[in-house]
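> Fold the following and give me the result.
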Amino acid sequence: MIDYLRKFRLDGKVAVVCGGFGLIGKEVSLALTQAGAKVYVLDINKFEWMDGINFIEFDITNFDNYDDVFATIINEAGKIDICVNLAYPRTSDWGGPLEDVLVSSWKKNIDMHLNSYCLVTRAVAEIMKKQGIKGSIINFGSIYGVVGPDFEVYSGTSMTNEGQYAAIKGGIINFSRFTASYYGKYGIRVNCLCPGGVFDNQNEIFVKNYGLRTPLRRMANADEIASATLFLASDASSYITGSTFMVDGGWTCI
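So this is what the prediction gives:
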């Protein structure tokens with residue numbers, strides 16, 4: 001008889017979490033650790049309370065550093081079974097209306113965010129291929145890589161949604177499909193998890209507007225995104241690849 005709960009366990013697995021000390025990243029790192037994985041968090045800043053998690057200082061925008069960082073993990077742990085890509089690199093002038101975005105800033109953000117996700121995915125998939133690991137790569141997209149924003153949710157606030165974010169997340173989603181097809185014959189799965197808005201003490205008007213627009217009438221909690229990530233990382237999702245996995249409270253169903 002199949003032990004279905006066992007499918008969610010990650011005992012003996014090695015997981016890499018890029019951006020693993022952010023709002024969602026902390027919960028993802030914790031979920032994978034509790035499921036039994038040996039977790040390496042790659043981030044620009046260390047978060048002290050994460051006991052039992054291995055930390056490597058890592059700037060995802062430094063493309064020349066990838067080989068050394070992943071070689072360090074291989075030397076210590078022997079393999080990589082899981083890679084979660086949820087870093088959020090951006091320039092200091094991020095935000096503002098589309099017409100005010102400088103060309104230089106647009107290009108820099110595309111390079112920092114979209115290109116880093118693509119190149120990390122390729123680097124890790126190649127390691128898995130060479131080692132014969134039937135691994136799982138999970139890239140973070142967004143509802144705004146799938147649908148256009150409803151700008152009414154920002155009414156009454158100074159908040160807005162960035163045009164370059166749509167370009168970046170849409171690109172990540174389709175590159176995840178591409179690599180799922182490209183590496184599928186090696187048993188390597190690539191999926192794109194697309195969260196809706198995650199509560200982080202945002203403007204109260206925005207939070208209310210967002211809830212009214214969402215079938216579940218609220219924003220997500222970070223642990224709810226982490227639970228979905230655990231599913232995609234585990235053998236419970238062993239026949240899922242190339243998916244655009246919506247975790248959005250129903251935002252994209254209407």
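
> All the strands of the stretch 1-150 of the chain, residue numbers only.
Here the stretch 1-150 of the chain has its strands, by DSSP state E, counting those that start in this stretch, at 14-18, 38-43, 54-57, 82-85, 136-140.

> Contact partners for the nearest residue to Val153 once chain neighbours are set aside?
Leaving aside its sequence neighbours, Val153 sits nearest to Asn209 (C-beta to C-beta, 6 or more residues apart in numbering; 4.2 Å). For every residue, glycine as well, the C-beta is placed using N, CA and C. Each residue near Asn209 by C-beta atoms under 8 Å, 6 or more residues apart in numbering is listed here: Glu152, Val153, Tyr154, Ser155, Gly156.

> what do you get if the cut-off is 7 Å, keeping everything else the same?
With contacts defined as C-beta atoms under 7 Å, 6 or more residues apart in numbering, Asn209 is in contact with Glu152, Val153, Ser155.

> Buried members of these into PyMOL, please.
Buried members of those can be picked out in PyMOL with the line below, counting by 16 or more other C-beta atoms under 10 Å:
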select buried, resi 153
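
> hmm, back to that, same list as before, the strands of the stretch 1-150 of the chain that is, but in a markdown table and with mean neighbour count and distance to Tyr66 included.
Listed next are those as a markdown table, based on neighbours: other C-beta atoms under 10 Å; distance: least, C-beta to C-beta, whole Å:
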| stretch | mean neighbour count | distance to Tyr66 |
| --- | --- | --- |
| strand 14-18 | 28 | 10 |
| strand 38-43 | 25 | 10 |
| strand 54-57 | 17 | 12 |
| strand 82-85 | 28 | 12 |
| strand 136-140 | 26 | 14 |
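
> Take those strands and write them to TSV, including distance to Met246.
Conversion of the strands of the stretch 1-150 of the chain to TSV gives the following (distance: least, C-beta to C-beta, whole Å):
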stretch	distance to Met246
strand 14-18	21
strand 38-43	25
strand 54-57	31
strand 82-85	17
strand 136-140	12
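
> how about TSV for these, with distance to Thr229 and mean pLDDT added?
Conversion of these to TSV gives the following (distance: least, C-beta to C-beta, whole Å; pLDDT from 0 to 100):
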stretch	distance to Thr229	mean pLDDT
strand 14-18	9	98
strand 38-43	12	96
strand 54-57	18	94
strand 82-85	6	98
strand 136-140	6	99
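
> one step back: what helix or strand is the residue nearest to Val153 on?
Assigned by DSSP states H and E, Asn209 belongs to helix 204-213.

> what about the lowest-mean-pLDDT helix or strand in the chain, distance to the chain center?
Taking mean pLDDT, DSSP states H and E as the measure, the helix or strand of the chain with the lowest value is strand 54-57, at a mean of 94. Chain-centre distance of strand 54-57: 17 Å, with C-alpha atoms, centre = their mean, to the nearest Å.

> Could you do stretch 191-210 as well?
The offset between the C-alpha centroid of stretch 191-210 and the centroid of the whole chain comes to 15 Å, using C-alpha atoms, centre = their mean.
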